[in-house]
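>>> Let's see this in three dimensions:
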Amino acid sequence: MTLSLKPVSAVDALADALRTRVLSGEFEPGTSLPEQEIAAAYGVARPTVREALAMLVHEGLLRRERNRSAYVPEVTISDLDDLMYVRRPLEDLMARAVAGRRVEPAEAALRRMDGLPEQAPWSAVVAEHMALHQALIEAVGSPRLERLYAGLAAETRLGLVRLKQVYKDRDVLVREHRALLDAVADGPQDAARAAVAAHLNHSWGQETDG
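Below you'll find the predicted structure:
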């Protein structure tokens, strides 16, 4: 059976379709994406597949090694703990700068997240989650902070796939982010910083890698 694509360029459409499957957790860590199989599944030429996979490799959502098909990288609990170790000081800078302000782009992302249909793929939740946190970072007005934060985007998105195990009820995720945005907007700075730190204290759904 040939799977359908949106009416945009074949490369972009295929990249979008594969990205959705990665970020929804359908392609689990370690899953290989052989060009020939992808081409047959979507009814496109292998050069189209090659370009689409290259886009996802560039985004950090896939990895490619010599003599091996592109694959979904494993992001371990240790990786995610290290990711949060780096994110915390960046988002603390955000809390210092933004405390006492209501950030409308972040509010809009939360409204979109809350408005997603029940059957929406987890990748849609990931997109709005990323948009919300990115909007808070951008509200600081520091291009360098934005660049540092953007460098963590791929691992953050792959980590959010893992959070699907934790947030089986999406309303819990919405409530947590509502509380975060309210704490940042209400201030004072110390309370906003404490709320951001608590928000980033994820368990990732298990205690160890084992």
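
>>> any idea how far residue 174 is from residue 113?
Between residue 113 and residue 174 the computed distance is 6 Å (C-beta to C-beta, to the nearest Å). Heads up, the C-betas are built off the backbone N, CA and C, glycines and all.

>>> Neighbour count: the two, which is higher?
More crowded of residue 113 and residue 174, by other C-beta atoms under 10 Å: residue 113, with 22 against 19.

>>> Quick check, the more buried one in contact with residue 177.
Yes - when contacts are counted by C-beta atoms under 8 Å, residue 113 is listed as touching residue 177 (7.2 Å).

>>> who touches both of these two?
Residues touching both residue 113 and residue 177 (C-beta atoms under 8 Å, 6 or more residues apart in numbering): 129, 132.

>>> count of residues packed around residue 164?
Neighbours of residue 164 using other C-beta under 10 Å come to 18.

>>> doesn't residue 124 make contact with it?
No - counting by C-beta under 8 Å, residue 164 does not reach residue 124; the two are 11.8 Å apart.

>>> Report how many residues lie close to residue 150.
Using other C-beta under 10 Å, the number of residues around residue 150 comes to 12.

>>> tell me the contacts of residue 23?
Per C-beta under 8 Å, 6+ apart, neighbours of residue 23: 61, 121, 122, 123, 126, 127, 157, 158, 160, 161.

>>> of all those, which comes closest to residue 169?
When the contacts of residue 23 are ranked by distance to residue 169 (C-beta to C-beta), residue 122 comes first, at 12.9 Å.

>>> How far does the worst-scoring helix or strand of the chain on mean pLDDT sit from its chain's centre?
Least confident helix or strand of the chain, by mean pLDDT, DSSP states H and E, is helix 153-162 with a mean of 82. In terms of C-alpha atoms, centre = their mean, to the nearest Å, the centre of helix 153-162 is set 5 Å apart from its chain centre.

>>> what's that helix packed up against?
Under the contact definition 3 or more C-beta pairs under 8 Å, 6 or more residues apart in numbering; DSSP states H and E, helix 153-162 sits against helix 10-23, helix 77-98, helix 122-140.

>>> by how many degrees do the last one and helix 77-98 diverge?
In this structure, helix 122-140 runs at an angle of 40 degrees to helix 77-98, with axes from the mean of the first three to the mean of the last three C-alpha atoms, to 10 degrees as the basis.

>>> Give me the contacts around the helix or strand following helix 122-140.
For helix 122-140, the following helix or strand on the C-terminal side (DSSP states H and E) is helix 143-150. Defining contact as C-beta under 8 Å, 6+ apart, one finds that helix 143-150 is touched by 87, 90, 93, 94, 134, 137, 138, 140.

>>> No further questions, thank you.
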